[in-house]
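Peer 1: Please work out how this folds:
(chains A and B)
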Amino acid sequence: MQQKLRLYNTLSREKVVFEPINPPFVGMYVCGPTVYNNVHLGNVRTFTSFDILFRYLKHLGYKVRYVRNITDVGHLVNDADDGEDKIGKIAKLENLEPMEIVQRYTTDFHDVMARINNLPPSIEPTATGHLLEQISMIKELLVKGMAYEVNGSVYFSIRKYNDKYTYGELSGRNIDELLGGSRDLDGQDEKQESIDFALWKKATGGHIMRWDSPWSVGFPGWHLECSVMSHKYLGKTFDIHGGGLDLKFPHHECEIAQGTAAHGEHPVKYWLHANMLTVNGQKMSKSLGNSILPDQLFTGNHELLDQSYSPMTLRFAMLQAHYRSTMDISNDALKAAAKAYRKLMNGLRIAKSLEYDESATVDKNDKAISQINSIVDSIYRGLNDDLNTAVAIAGLFNMQKKLNSIHLGQLQPEALDKDTFDRMISTFATISHDVLGLVEEKPQNLENAIDIVLEDYKAAKQAKDYEKVDVIRAKLKEMGLSVKDMKDRIEWAYEE
RNA sequence: GGUCGCGUGGCCGAGCGGCUAGGCAGAGCUCUGCAAAAGCUCGUACAGCGGUUCGAAUCCGCUCGCGACCUCCA
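Peer 2: Numbers count the residues shown, from 1 in each chain, chains lettered A, B, ... in the order given. Below you'll find the model as predicted:
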């Protein structure tokens, strides 16, 4: 394309031209879910935003390695380094193995991702699968003097780190304030500074998820896994790191510190953050208890919803907003999205059906040609401008007007030059389908359609129109269905 | 309190110095057995008050509202 992709880099707080470190390869890491309960709509929005990025980068011809982890240990319930493990807690409550909890919610997560048509990442590593690597990174940080051990636990020293590097760049924190404002944590805190964070925690009595290490039988800190896994699969510096805005601090800040401390270089070139989904203007969040689960949306089974909304309706609604804006979820917005989505799918069906007759001689319509080309450009301009899917969709609707007018014979395909015609069709199909990931949701209730056909069959039979009867039976047979004339009724069954 | 962001027509939501955003809803027309779809047309929006500018929704200042992060969350 003419212009280049520009992305908003949280680190520099501006849109910058995307230039991979080693083109055509792109390394992209996105913080995945902690699998201690179901993902909610807000989580889905983040993963969908990065799915678009993944898809678009591929569309532009890059070879993308997309790594998205599953956090299955180390994420504590409350205080940064002094709570229960989220997964361990649920496991205890339900009297299950922690890995049963992990399995259950990982499966749910994958199921939701598939329904919403998010592509699977290239690699989906788990924290527990990388304990050796985590332990060796802790050793490295200890050797470099950036971490200290206390009673079998190891902490990262922000003060030591900040002596050599700068802590807080990503989130704009003032390190002195953070260091100065240390609060008393009941004197039970082992940390030198309250903002230091755990790399390894010694397991206390009730902690069921535990592993051996040089320091104690314990478990790794939450921030460590992402550093370790991104390093392992993408190298010490890689192109893109994404996640929800709420992970910017402290999680991503800690990742930067660990990576830089261990490898001497800032690990990430472009930091991208997706904004929050809100409910009645408030962030959707597990802790606020205002979550809506994907399944509740798909079934309509939630007090805030007055009907069900399909996976593609949700996807479309999300793409109508920019990923860096907050987006409010509401019945009105979803209903509008449901209609608009179906409209676009009608456009897609029309686009696929149009044909160009090269032998036809028709006067060229220069105005239409230039309009169509400028619409195509506007779509790419939108996507290149920090993934502005809203602008891209607006372009698709503008293009759909042209498709419709051809479909209705108001504009001859041959009034366009062949290149423009092809460009129009391929852009419409490729952007909506491949890049935005919008696919047709065919009606599920096939049985109703069959029943309608069988009504016809019955009527033809009564009219002794056996020619028609045979045709219907043959057509249904082609679909793998057989009609059964019972004594008092007509049934259908799968052709055996 | 600190840091950051937002307030756009009935609703959702782009735009970020001059050029039609788009969708949903609504009105009119064309088409039409009825209907739907589709096409065309319409409403002239940018929280308020100042300022900069030939020109501001877009830049600056203030005011009012809302939100995020600051020991959990995508």
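
Peer 1: Just the helices from the stretch 351-496 of chain A, written as ranges.
Peer 2: Counting by DSSP state H, counting those that start in this stretch, the stretch 351-496 of chain A has helices at residues A:366-384, A:389-407, A:418-429, A:446-462, A:466-478.

Peer 1: Identify the residue spatially nearest to the residue in the stretch 101-250 of chain A that RNA strand B sits nearest to, adjacent ones excluded.
Peer 2: At 1.6 Å from RNA strand B, A:Gly244 is the closest residue in the stretch 101-250 of chain A, using C-beta to the nearest atom of the strand. For glycine as for every other residue, the C-beta is placed from the backbone atoms N, C-alpha and C. In space, and not counting its chain neighbours, A:Gly244 is closest to A:Thr46: 4.6 Å by C-beta to C-beta, 6 or more residues apart in numbering.

Peer 1: Could you verify that that neighbour is part of a helix?
Peer 2: Yes - with DSSP: H, G, I helix; E, B strand; the rest coil as the criterion, A:Thr46 is assigned to a helix.

Peer 1: Can you get me a residue count around A:Gly242?
Peer 2: 26 (other C-beta atoms under 10 Å).

Peer 1: still on that earlier bit, so the residue nearest to A:Gly244 is in contact with A:Met284, correct?
Peer 2: No - between A:Thr46 and A:Met284 there is no contact under C-beta atoms under 8 Å: 11.1 Å.

Peer 1: Neighbour count: the two, which is higher?
Peer 2: Taking other C-beta under 10 Å, A:Thr46 and A:Met284 do not tie; A:Thr46 has more neighbours (27 against 22).

Peer 1: Mind listing residues that contact stretch A:374-383?
Peer 2: Residues outside stretch A:374-383 that contact it (C-beta atoms under 8 Å, 6 or more residues apart in numbering) are A:1-3, A:5, A:56, A:388-392, A:394-396, A:398-399, A:402, A:423-424, A:427, A:431, A:435.

Peer 1: at 7 Å instead, please
Peer 2: Residues outside stretch A:374-383 that contact it (C-beta atoms under 7 Å, 6 or more residues apart in numbering): A:1, A:3, A:56, A:388, A:391-392, A:395-396, A:398-399, A:423-424, A:427, A:431.

Peer 1: And that stretch, what's buried?
Peer 2: Residues of stretch A:374-383 classed as buried by neighbour count (16 or more other C-beta atoms under 10 Å): A:375-376, A:378-383.

Peer 1: what's the domain layout of chain A?
Peer 2: Here the domain assignment for chain A is A:6-274, A:282-435, A:446-494, based on automatic domain parsing.

Peer 1: related to what we said a few turns ago, next one: the residue of the stretch 101-250 of chain A closest to RNA strand B from A:Val64, what distance?
Peer 2: The gap separating A:Gly244 from A:Val64 is 20 Å, by C-beta to C-beta, to the nearest Å.

Peer 1: next one: A:Gln192
Peer 2: Distance of A:Gln192 to A:Val64, computed by C-beta to C-beta: 41 Å.

Peer 1: Mind checking which of those two has more residues around it?
Peer 2: A:Val64 (21 against 15).

Peer 1: quick one: secondary structure of that one?
Peer 2: Following three-state DSSP, we place A:Val64 in the strand state.

Peer 1: So it is in contact with A:Phe54, correct?
Peer 2: Yes - using C-beta atoms under 7 Å, A:Val64 is in contact with A:Phe54, at 6.0 Å.

Peer 1: between these two, what contacts are shared?
Peer 2: A:Met28.

Peer 1: Dump the buried residues of stretch A:374-383 into CSV; add distance to A:Lys15 and pLDDT as well.
Peer 2: Shown next, in CSV, are the buried residues of stretch A:374-383 (distance: C-beta to C-beta, whole Å; pLDDT from 0 to 100):
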residue, distance to A:Lys15, pLDDT
A:Ile375, 23, 94
A:Val376, 22, 95
A:Ser378, 18, 94
A:Ile379, 18, 95
A:Tyr380, 16, 95
A:Arg381, 13, 94
A:Gly382, 13, 95
A:Leu383, 13, 96
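
Peer 1: near RNA strand B too, which of these?
Peer 2: By C-beta under 7 Å from any atom of the strand, the members of these lying near RNA strand B are A:378, A:382.

Peer 1: In this structure the residue of the stretch 101-250 of chain A closest to RNA strand B contacts A:Ala274, no?
Peer 2: Yes - A:Gly244 is within contact range of A:Ala274, at 5.7 Å (criterion: C-beta under 7 Å).

Peer 1: Who has more neighbours out of these two?
Peer 2: A:Ala274 (26 against 21).

Peer 1: phi, psi of the more buried one?
Peer 2: Backbone dihedrals for A:Ala274, given as degrees, to the nearest 10, come out at phi -90, psi 140.

Peer 1: Which positions within stretch A:426-440 qualify as buried?
Peer 2: Neighbour counts over stretch A:426-440 (16+ other C-beta under 10 Å) mark A:427-428, A:431-433, A:435-438 as buried.

Peer 1: How about stretch A:238-250?
Peer 2: Using 16+ other C-beta under 10 Å as the burial criterion, the residues of stretch A:238-250 that qualify are A:238-245, A:247-248, A:250.

Peer 1: What mean pLDDT does that stretch get?
Peer 2: Averaging pLDDT along stretch A:238-250 gives 95.

Peer 1: Output the contacting helices and strands for the helix or strand of chain A with the lowest mean pLDDT.
Peer 2: None of the helices or strands of chain A scores lower by mean pLDDT, DSSP states H and E than helix A:175-180, at a mean of 71. Judged by 3 or more C-beta pairs under 7 Å, 6 or more residues apart in numbering; DSSP states H and E, helix A:175-180 is in contact with helix A:158-164.

Peer 1: Can you tell me what sits against the helix it packs on?
Peer 2: So helix A:158-164 is contacted by A:145-146, A:167, A:175, A:179, A:193, A:195-196, A:257, A:261 (C-beta under 7 Å, 6+ apart).

Peer 1: Quick check on those residues: which are buried?
Peer 2: Counted by 16+ other C-beta under 10 Å, the contacts of helix A:158-164 give A:146, A:167, A:175, A:179, A:193, A:195-196, A:257, A:261 as buried.
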